[in-house]
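**Student:** Quick check, what structure comes out for this input:
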Amino acid sequence: MINYIWFGMIIASVICALCTGSLGELSTAVMDGAQGAVELSISLLGSMCAWLGFLKIAEKSGLTALLSDAFSPVIDRLFPEYRADAEIKGEICMNISANFLGLGNAATPLGIAAMKAMQAKNPHQEAPTKGMVLFVVMNTASLQLLPVNMAAMRSACGSAQPFDILPEIWLTSLAALVTAVLFCKIKEVRSWNS
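**Tutor:** Reported below is the predicted structural model:
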């Protein structure tokens with residue numbers, strides 16, 4: 001469906017440019033946008049590599065286990081089915097840590113690793129567990145304490161103070177996470193009672 005929407009927007013842009021006689025400006029804007037996207041991607045690549053390296057060092061040094069122990073009370077309450085599984089809790093913790101740092105793209109492989117670990121222990125392989133559903137929802141509506149990627153994008157676009165949006169990021173990401181977890185837990189209770 002999204003491909004049809006994008007295709008429709010492209011066609012509408014071309015038609016509008018033809019009708020207004022600004023086809024040259026449209027071509028220039030497309031090329032400038034493509035160049036800007038490549039430049040932004042390259043500037044984010046360094047930041048992402050550095051933070052992925054940091055997370056890998058944290059995993060190898062045992063910091064993940066310490067973070068897992070620190071987050072254990074929260075993870076145990078949210079994911080009671082994985083309470084006794086240190087491997088899954090560690091994977092969840094790594095993903096949460098990456099999301100705390102605002103590393104959405106870097107959190108993706110960590111989230112996939114956590115989902116694979118959960119799926120390996122899933123007694124019903126054809127359907128996700130409650131914990132898997134909650135994990136995906138939490139990963140999507142993640143709390144960002146230090147939005148590194150956002151700051152890198154703002155810096156690449158010329159912002160003098162790329163981190164001056166922190167209070168707004170904290171408020172909106174916390175509200176999104178609390179709302180998402182609350183709705184998941186309400187759905188769990190309703191399905192459990194029915």
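**Student:** from the chain's centre, how far out does the longest helix anywhere in the chain sit?
**Tutor:** For the chain, the helix reaching the highest residue count under DSSP state H is reported as helix 23-61. Between the centre of helix 23-61 and the centre of its host chain there is 16 Å, according to Cα atoms, centre = their mean, to the nearest Å.
**Student:** which residues sit against the next helix or strand after that helix?
**Tutor:** Going down the chain from helix 23-61, the next helix or strand is helix 63-78, by DSSP states H and E. With Cβ atoms under 8 Å, 6 or more residues apart in numbering as the test, helix 63-78 has contacts from 57-58, 82-83, 86, 89-90, 92-94, 96-97, 134, 138, 181. Where C-beta positions appear, they are placed from N, C-alpha and C, glycine not excepted.
**Student:** Please flag which of these sit within strands.
**Tutor:** Per DSSP state E, strands hold no members of these.
**Student:** Show me the two of those that sit farthest apart.
**Tutor:** Across these, the longest distance by Cβ to Cβ is 29.5 Å; it joins Ile57 and Val181.
**Student:** These two: which is more packed in?
**Tutor:** Relative neighbour count places Val181 above the other of Ile57 and Val181, with 15 against 11, counting by other Cβ atoms under 10 Å.
**Student:** any idea how far the more buried one is from Ser173?
**Tutor:** Remark: distance between Val181 and Ser173 (Cβ to Cβ, to the nearest Å) = 12 Å.
**Student:** Most remote residue from the middle of the protein, which is it?
**Tutor:** Of all residues in the chain, the one whose C-alpha sits farthest from the chain's mean C-alpha position, using Cα atoms, centre = their mean, is Gly21 at 40.8 Å.
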